[in-house]
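[1] pasting the sequence and the predicted model now:
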Amino acid sequence: MYNSREEFKEKELANNSSSNGNSNSGGRARNNNNDVRVSKATWMSDGTYWPGTWFEPSPDHSKGDHAGILQVMSKPPEPDPVMGNPDEKRIDFTGVDIRLPMFVYVSREKHPGYDHNKKAGAMNALVRASAILSNGPFILNLDCDHYIYNSLAIREGMCFMMDRGGDRICYVQFPQRFEGIDPSDRYANHNTVFFDGNMRALDGLQGPVYVGTGCLFQRYALYGFHPPRANEYTGMFGQYKQQAPNIQAQSLDQEDQESEMQPLASHPDLKLSKKFGNSTMFTESIAVAEFQGRPLADHISVKNGLAPGALLLPRPPLDAPTVAEAVAVISCWYEDKTEWGTRIGWIYGSVTEDVVTGYRMHNRGWRSVYCITKRDAFRGTAPINLTDRVHQVLRWATGSVEIFFPETIPLGKPSPQIPATHCIPQRWHLPLHLHLSCHILLSPSSVPLFRPVHLAGLKHSLPYIPPHYHPHPHPPLPP
Ligand SMILES: O=c1ccn([C@@H]2O[C@H](COP(=O)(O)OP(=O)(O)O[C@H]3O[C@H](CO)[C@@H](O)[C@H](O)[C@H]3O)[C@@H](O)[C@H]2O)c(=O)[nH]1
Ligand SMILES: [Mn+2]
């Protein structure tokens with residue numbers, strides 16, 4: 001990574017300080033001619049530079065070819081609040097709980113020639129490793145080019161899940177907001193119609209689509225289960241609504257309420273053969289995540305909820321076998337012969353895996369929520385030149401086309417748990433993308449793009465042609 005603006009600032013700073021007779025060059029190389037040489041790197045907050053991952057590659061330890069890496073940067077916090085004091089360097093933390101959450105860097109095992117399933121594969125590895133390490137009931141997903149802009153956003157999202165009815169919510173999606181876009185928004189990077197029109201409208205139905213970033217998940221919903229309660233829509237237009245049979249959560253008796261491992265016992269999905277892989281520690285974490293993600297029973301109308309304070313119980317410290325298990329579940333082979341990527345977690349095989357992932361949850365009867373906060377919850381960067389923007393829209397367009405084909409998502413009403421009124425708008429943005437892709441495909445600059453995307457589209461547009469006519473299942477994507 002290379003930040004030329006930071007390098008420029010750094011050079012200027014160095015020049016100024018040397019003309020003031022200040023010899024502190026911050027450890028950067030410098031020769032006598034006042035010429036500052038700076039390695040291409042990202043600057044860290046303490047003024048040193050980050051040399052970049054795999055800066056010195058060695059055999060079996062380079063980009064795309066390495067064992068799983070797991071680095072615990074900060075240990076699990078103390079169970080009791082730790083109050084700050086006024087001495088805390090710049091900010092007065094009096095009366096503020098200054099504990100930091102556990103923070104772990106994860107890089108899954110990678111080898112050349114192995115299909116790592118890009119972002120979806122990365123997310124699934126993260127879901128498993130975090131289940132072993134902390135098993136938080138809620139998971140926030142941000143792209144690497146996005147950051148938190150509103151420190152209260154996560155709490156806002158959790159409120160939806162922990163409030164009455166929250167046990168049916170699979171995720172809370174926040175709008176994508178961007179920085180560094182020119183004032184006229186020449187390439188429509190803000191996607192205003194989509195984020196402030198379509199998505200808000202979908203919120204009135206079963207919920208917004210998952211757009212890949214700025215989304216808080218209920219961990220349990222990622223595991224391919226049905227929600228504890230759901231409605232069924234019958235009749236030709238799905239006009240009759242009733243409680244779905246079988247998928248009701250059991251009512252717990254007093255004794256059961258004390259056991260964290262108990263709740264899933266009667267869930268009908270448990271009888272299906274789930275293939276989570278061979279980590280017992282992982283499979284055992286599922287019931288705990290389900291229990292801890294339940295709404296707060298702070299009102300008599302909340303059945304089957306958590307007693308207030310249930311999530312404040314102390315957590316066992318991290319021990320070596322736990323960390324070793326977390327490394328095991330991020331290995332290349334872990335997902336072999338499992339349902340990861342097909343039924344469980346992020347779904348593989350689509351260029352816009354996010355939409356498909358969210359859609360699968362909706363089909364099982366989960367609802368989602370669109371949450372627009374006054375101060376943007378998260379912010380990210382958007383492509384600011386035409387080539388990158390064209391690649392991005394083209395990728396989304398391809399994804400939308402994929403969605404339309406039965407191989408990805410059934411064309412009709414996919415399940416009784418999804419209202420018919422929801423199926424149509426879910427696909428409304430398709431004509432928009434088709435329109436955009438036509439423009440793009442016809443523009444001269446897109447000729448080199450056409451081949452990979454054409455192949456990707458072809459595979460999905462000809463689902464009834466015998467399999468040997470299908471092109472390569474994972475055509476190269478535009479960079
Ligand atoms: O091999 C990969 C490729 C991507 N990513 C992640 O995926 C994100 C999205 O990639 P980016 O290059 O930023 O694409 P965008 O077009 O900006 O992303 C938008 O569109 C994607 C779907 O097309 C969604 O996945 C993203 O969440 C959404 O912000 C990145 O930030 C990474 O975090 C990986 O982890 N591994
Ligand atoms: Mn991006």
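    Looks like it arrived, so ask away. Ligands and ions are numbered 1, 2, ... in the order given.
[2] and the helices in this protein?
    Counting by DSSP state H, the segments of the chain that form helices are 4-19, 118-133, 153-162, 192-193, 199-203, 254-257, 280-292, 320-328, 353-363, 386-403, 420-426, 429-442, 447-461.
[3] can you tell me how far the nearest residue to Trp340 once chain neighbours are set aside sits from ligand 1?
    Excluding its sequence neighbours, the residue lying closest to Trp340 (Cβ to Cβ, 6 or more residues apart in numbering) is Asn124, at 5.1 Å. (Each C-beta comes from the backbone N, C-alpha and C, glycine too.) Distance of Asn124 to ligand 1, computed by Cβ to the nearest ligand atom, to the nearest Å: 11 Å.
[4] is it correct that Asn124 is in contact with Trp346?
    Yes. Contact criterion Cβ atoms under 8 Å: Asn124 and Trp346 qualify, at 5.4 Å.
[5] ok, and the closest non-adjacent residue to whichever residue of the chain sits closest to ligand 1?
    Closest approach of the chain to ligand 1 (Cβ to the nearest ligand atom) occurs at Gly212, with a separation of 2.3 Å. Among residues not flanking Gly212 along the chain, Asp354 sits closest, at 3.6 Å (Cβ to Cβ, 6+ apart).
[6] residues near the one you found, how many?
    Neighbour count of Asp354, defined by other Cβ atoms under 10 Å: 22.
[7] what's the answer for the one 5 residues further on, then?
    Neighbourhood size, Tyr359 [other Cβ under 10 Å]: 18.
[8] pretty sure it sits against Gly207.
    No. Applying Cβ under 8 Å as the test, Tyr359 and Gly207 come out as separate, 10.8 Å apart.
[9] what about the closest residue to Trp366 other than its chain neighbours, distance to Gly47?
    Nearest non-adjacent residue to Trp366, counting by Cβ to Cβ, 6+ apart: Cys170, 3.6 Å away. Note on Cys170: its distance to Gly47, by Cβ to Cβ, to the nearest Å, is 43 Å.
[10] compare neighbour counts for the two and give me the winner.
    Cys170 (27 against 11).
[11] check what pLDDT that one gets.
    On pLDDT, Cys170 comes in at 95.
[12] check contacts around it.
    Gly207, Phe217, Gln218, Ala221, Leu222, Pro227, Gly358, Met361, His362, Trp366, Arg367, Ser368 (Cβ atoms under 8 Å, 6 or more residues apart in numbering).
[13] you'd agree the fifth one is up against Ile344?
    Yes. Assessed by Cβ under 8 Å, Leu222 is found in contact with Ile344 at 7.3 Å.
[14] what does the stretch 101-250 of the chain have sitting close to ligand 1?
    Taking Cβ under 6 Å from any ligand atom as the measure of proximity, the stretch 101-250 of the chain contacts ligand 1 at Lys118, Lys119, Ala122, Asp143, Cys144, Asp145, Gly212, Thr213.
[15] show me the shaky parts of the stretch 301-450 of the chain.
    Counting by pLDDT under 70, the stretch 301-450 of the chain has low-confidence residues at 400-401, 403-450.
[16] contacting residues around the closest residue to His146 other than its chain neighbours?
    Nearest residue to His146 in three dimensions, chain neighbours excluded: Gly380, at 3.5 Å (Cβ to Cβ, 6+ apart). If you count contacts by Cβ under 8 Å, 6+ apart, Gly380 has them with Leu142, Asp143, Asp145, His146, Tyr147, Gln176, Arg177, Phe178, Glu179, Thr213, Gly214.
[17] in a markdown table, list the residues you listed along with neighbour count and pLDDT.
    Below are these laid out as a markdown table (neighbours: other Cβ atoms under 10 Å; pLDDT from 0 to 100):
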| residue | neighbour count | pLDDT |
| --- | --- | --- |
| Leu142 | 16 | 95 |
| Asp143 | 14 | 94 |
| Asp145 | 11 | 91 |
| His146 | 20 | 94 |
| Tyr147 | 12 | 94 |
| Gln176 | 24 | 93 |
| Arg177 | 21 | 93 |
| Phe178 | 18 | 92 |
| Glu179 | 12 | 90 |
| Thr213 | 19 | 93 |
| Gly214 | 27 | 95 |
